[in-house]
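A.B. asks: here is the input, now give the coordinates:
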Amino acid sequence: MSIATKQKLTFDQFLEQYPEDGRYELIDGEFVRILATRQYQDVADFIADAMKDEVKLRQLKYKVSARIVLATQTKAGKEQGRTPDVSVVALEMWRSNRLAYSPLQEPIQLAGIVNLTQR
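C.D. replies: Next up, the predicted model:
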C-alpha cells in the first residue's frame, strides 16, 4: 500500500500560485490561510494607524503596512513566506523596486504580530 504525499511548495511556487481570495503564508511548504477575528483586526489596524500617524507627524521615511510579505527561513533552512500584522519598512528599501510583486528579502525595521491570547 502506498500513500500519496503532497509535494511541498518552494517559495517561488508560493508566489506564483498565491490565491487572491484572502491572506496566506507559506509554512512548511504549504499554503496556510490566515484568518483573524474582528477584535484581532481592530487591534492590528489600531497599531498600524497609530504608526502611520507618527510617521506622517514626524515626516519619517517609512512605509507602514499590513500587507507586506516577507521571505523568511526556519532554523532548519526551510523557506517561508510570512505576513506580519504590521510592518515598518524604510521607504528607500520599499521604493527600490516599485513594480515588484516579490516579497522583501532584506530585514525590515519592524515586524509586529498581534497576540490576543487570554490569560
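A.B. asks: quick one: low-confidence parts of this protein?
C.D. replies: Across the chain, residues meeting the criterion (pLDDT under 70) sit at 1-5, 117-119.
A.B. asks: return the set of buried residues in the helix ranked longest in the chain.
C.D. replies: Secondary structure assigned by DSSP state H gives helix 38-57 as the longest helix of the chain. Across helix 38-57, burial judged by 16 or more other CB atoms under 10 Å covers Val43, Ala44, Ile47, Ala48, Met51, Lys52, Val55. All C-beta spots, glycine's among them, are computed from the backbone N, C-alpha and C.
A.B. asks: for the residues you listed, which one is nearest Gly22?
C.D. replies: Ala44 (15.3 Å; CB to CB).
A.B. asks: shouldn't the closest one be in contact with Pro84?
C.D. replies: No: using CB atoms under 8 Å as the test, Ala44 is too far from Pro84 to be in contact (9.3 Å).
A.B. asks: overlap in contacts, these two.
C.D. replies: Applying CB atoms under 8 Å, 6 or more residues apart in numbering, one finds that Ala44 and Pro84 are jointly contacted by Ala66.
A.B. asks: using CSV, write out every CA atom in the longest helix of the chain.
C.D. replies: Provided in CSV are the C-alpha atoms of helix 38-57 (Å, rounded to 0.1, in the frame of the first residue of the first chain):
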residue,chain,number,x,y,z
ARG,A,38,-12.7,41.3,14.1
GLN,A,39,-11.2,42.1,17.5
TYR,A,40,-7.8,40.9,16.2
GLN,A,41,-8.1,43.0,13.1
ASP,A,42,-9.2,46.0,15.1
VAL,A,43,-6.1,45.8,17.3
ALA,A,44,-3.8,45.4,14.3
ASP,A,45,-5.5,48.3,12.5
PHE,A,46,-5.2,50.5,15.6
ILE,A,47,-1.4,49.8,15.8
ALA,A,48,-0.9,50.3,12.1
ASP,A,49,-2.9,53.6,12.1
ALA,A,50,-1.0,54.9,15.1
MET,A,51,2.3,54.1,13.5
LYS,A,52,1.2,55.7,10.2
ASP,A,53,0.1,58.9,12.1
GLU,A,54,3.5,59.0,13.9
VAL,A,55,5.4,58.5,10.6
LYS,A,56,3.4,61.3,9.0
LEU,A,57,3.6,63.7,12.0
